[in-house]
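# Please find the sequence and the predicted model below.
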Amino acid sequence: MSSALLIEQLLNGLQFGVMLFLMAAGLTLIFGVMGLINLAHGSFYMIGAFACAAVAAWTGSFWLGLVASLAAAAAAGAIVEILVVRRLYERDHLDQVLATFALILIFSEGTRWLFGSFPLYLDIPPVLSGAIPLPGGAQYPLYRLAIIAAGILVAIGLYLLISWTRIGMRIRAGESDREMIGALGVDIGSLYTLVFALGAALAGLAGAMVGALQSVQVGMGEPVLILAFVVIVIGGIGSIKGALVGAVLVGLVDTLGRLLLPKLFAIAMGPSEGATVGAAVASMLIYIVMALILALRPQGLFPANT
């Protein structure tokens, strides 16, 4: 295997991990602050992708589509929090799961009604449509590097927001003792709406950026949601740092596993059978890694209380 191919797959894994971080950061923030299991989080990913594709097609500008994805996902998150989620905070997790699963169906059918059942396609902006050379002579798409850079900037921005601003202080306090900050005069309802909208906007941003790499279609958020849950379990529920580390770990393990395991099994079992077995094991690899991490650290790599 050439060094150029390995570097390319490492970058693909990092890009995949950054996308998962944008999903998982909002999900773990919502669970950490509100204690809410939100299965509808993948729907905000889908809303962001559709909003970006629709506005980009209408205006001819990917960047306006990107802004629209943030606005649409944040608005949808705020509306959902006010109308539905606000009634679930004191309910048990089963009620939360059932209610947010119902939201998945509502959003999917609503999107199908608005845009139809056929996929939409989103063009990469011309300024990011080129490629840069890698060691060994290969070329790597500039747009994928831009996704990696955007994810890093979002991670830095979230760190600064949570650690150094008054809103971040309230979010951290709400995670630790919501009754106390309510008694101190903080509007818990507005804080929860803000956190939920922020998490939805991050998911919408992920959907918009990935929408230029694949088709934009109904139900595209559910497979990513499963991986986002894996990320926050590995990283530690409620931890932004854990979400970042877990997302990068999952992205690299999944990408490199799908590249390397079929080759390794082919050496021991022959090309045909080895490729089949290797591909099957590669599809399970992130769950095997999750089980091993939880066996050693049941609260994840970076639990929020540490």
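That came in fine, so what should we check first?

# Can you name the element that comes right after the helix or strand harbouring A268?
Following DSSP states H and E, one finds A268 within helix 240-269. Along the chain past helix 240-269, the next helix or strand (assigned with DSSP H and E) turns out to be helix 271-296.

# Determine the angle, from 0 to 180 degrees, between that next one and helix 240-269.
For helix 271-296 against helix 240-269, the angle by axes from the mean of the first three to the mean of the last three Cα atoms, to 10 degrees is 150 degrees.

# and helix 271-296, what does it pack onto?
Using 3 or more Cβ pairs under 8 Å, 6 or more residues apart in numbering; DSSP states H and E as the contact criterion, the secondary-structure elements in contact with helix 271-296 are helix 221-235, helix 240-269. Where you see a C-beta, it was placed from the backbone N, CA and C, and this is true even at glycine.

# chain center to that helix, what's the gap?
Remark: helix 271-296 is offset 22 Å from the chain centroid, using Cα atoms, centre = their mean, to the nearest Å.

# buried sites along the helix holding A268?
Neighbour-count burial for helix 240-269, counted by 16 or more other Cβ atoms under 10 Å, picks out 240-262, 265-266.

# and it with helix 221-235, angle?
With the same axes, to 10 degrees as the basis, helix 240-269 and helix 221-235 are set at 100 degrees to each other.

# Would it be right to say that P135 lies in a helix?
No. Secondary structure assignment places P135 outside any helix; it is coil (DSSP: H, G, I helix; E, B strand; the rest coil).

# wait, what's in contact with it?
For P135, the contacting residues are 3-4, 7, by Cβ atoms under 8 Å, 6 or more residues apart in numbering.

# Restricted to strands, list the residues you listed.
Applying DSSP state E to the contacts of P135, no entry is found in strands.

# Could I have the ChimeraX command that selects the buried members from those?
This is how ChimeraX selects the buried members of the contacts of P135, with burial counted by 16+ other Cβ under 10 Å:
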select :4
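
# Rebuild the contacts of P135 as TSV, extending it with distance to V18.
Putting the contacts of P135 into TSV (distance: Cβ to Cβ, whole Å) gives the following:
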residue	distance to V18
S3	23
A4	21
I7	17
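
# now the contacts of P135 as JSON lines including distance to R166 and pLDDT?
Formatted as JSON lines, the entries for the contacts of P135 read as follows, by distance: Cβ to Cβ, whole Å; pLDDT from 0 to 100:
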{"residue": "S3", "distance to R166": "48", "pLDDT": "71"}
{"residue": "A4", "distance to R166": "48", "pLDDT": "70"}
{"residue": "I7", "distance to R166": "42", "pLDDT": "82"}
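
# So which of the contacts of P135 are in helices?
Filtering these for membership in helices, criterion DSSP state H, returns 3-4, 7.

# which non-adjacent residue is nearest Y192?
For Y192, ignoring the flanking residues on the chain, the nearest one in space by Cβ to Cβ, 6 or more residues apart in numbering is M34 at 5.8 Å.

# residues contacting that neighbour?
For M34, the contacting residues are 85, 89, 192, 195-196, taking Cβ under 8 Å, 6+ apart as the criterion.

# rerun at 7 Å
Under the criterion of Cβ atoms under 7 Å, 6 or more residues apart in numbering, the contact partners of M34 comprise 89, 192, 195.

# Does the last one touch L29 like I think?
Translated: V195. Yes. With contact defined as Cβ atoms under 7 Å, V195 counts as touching L29 (6.0 Å).

# Give the next helix or strand downstream of the helix or strand bottoming out on mean pLDDT in the chain.
When each helix and strand of the chain is scored by mean pLDDT, DSSP states H and E, helix 178-183 comes last, with a mean of 64. Going down the chain from helix 178-183, the next helix or strand is helix 188-211, by DSSP H and E.
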